[in-house]
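A.B. asks: Predicted model follows, preceded by the sequence.
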Amino acid sequence: MKNILVLCTGNSCRSQIAHGFLASMTAGKALVYSAGVETHGVNPKAIATMKEIGINISHHTSNNITEYFGIDFDYVITVCDNAKERCPYFPTKAVKLHYNFPDPAKAIGTEDEINEQFRAVRSLIKDYCEKFVEEYINQ
């Protein structure tokens with residue numbers, strides 16, 4: 001069983017979406033955690049955007065990276081540049097991966113335009129997660 005950590009700034013949107021996808025895609029093969037260098041709470045739009053495609057992340061919590069110092073991760077995926085730069089050092093043999101996804105929480109416009117930006121980021125994260133699982137988990 002692999003341990004995967006998805007890390008973002010506030011553990012509210014991008015890391016939560018990736019956590020949902022990875023947990024769904026790796027069921028039985030990995031334990032997935034998500035955290036932030038800060039905690040901002042899980043964004044309701046992230047929850048709604050995932051619910052649209054049948055993935056429930058409403059039970060997720062916003063966690064700080066320091067809560068997971070005792071876990072031996074196999075993979076640490078940072079999903080924003082800020083988290084990559086601010087991530088405190090913690091001893092791990094983990095493979096570190098990075099992809100800077102746009103932050104849908106910063107979307108502006110009408111409600112429909114904001115929802116579309118969340119969907120677009122969700123799609124980018126889904127594609128990334130599928131490739132990650134194929135390359136690192138299902139090998």
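C.D. replies: Nice, thanks for sending it over. Small disclaimer: the values here were computed from a predicted structure and weren't measured. Numbering: from 1, shown residues only.

A.B. asks: Tell me the secondary structure at E38.
C.D. replies: Here E38 is recorded as coil under DSSP: H, G, I helix; E, B strand; the rest coil.

A.B. asks: Next SSE downstream of the strand or helix carrying Y33?
C.D. replies: Assessed by DSSP states H and E, Y33 sits inside strand 30-36. Next in sequence after strand 30-36, counting helices and strands by DSSP H and E, comes helix 44-51.

A.B. asks: any chance you could map the helices in this structure?
C.D. replies: For the chain, the helices defined by DSSP state H cover 14-25, 44-51, 81-86, 111-132.

A.B. asks: Which residue of the protein lies farthest from its centroid?
C.D. replies: Distance from the C-alpha centroid of the chain, by Cα atoms, centre = their mean, peaks at T110 (25.3 Å).

A.B. asks: could you list every residue that touches the residue most central in space within the chain?
C.D. replies: Nearest to the mean C-alpha position of the chain, by Cα atoms, centre = their mean, lies S15 at 2.1 Å. Going by Cβ atoms under 8 Å, 6 or more residues apart in numbering, S15 touches 6-8, 34-36, 79, 83. Bear in mind the C-beta positions are built from the backbone N, C-alpha and C, glycine included.

A.B. asks: So what touches stretch 100-114?
C.D. replies: Counting by Cβ under 8 Å, 6+ apart, 12-14, 43, 45-46, 49, 79-81, 84, 117-118, 120-122, 124-125, 128 sit against stretch 100-114.

A.B. asks: at 7 Å instead, please
C.D. replies: Residues from elsewhere that reach stretch 100-114 (Cβ atoms under 7 Å, 6 or more residues apart in numbering): 12-14, 43, 79-81, 117-118, 121, 124-125.

A.B. asks: ranking these by neighbours, who comes first?
C.D. replies: When neighbours are counted by other Cβ atoms under 10 Å, R14 leads the contacts of stretch 100-114 with 32 neighbours.

A.B. asks: If anything else comes up later, I'll come back, but that's it for now.
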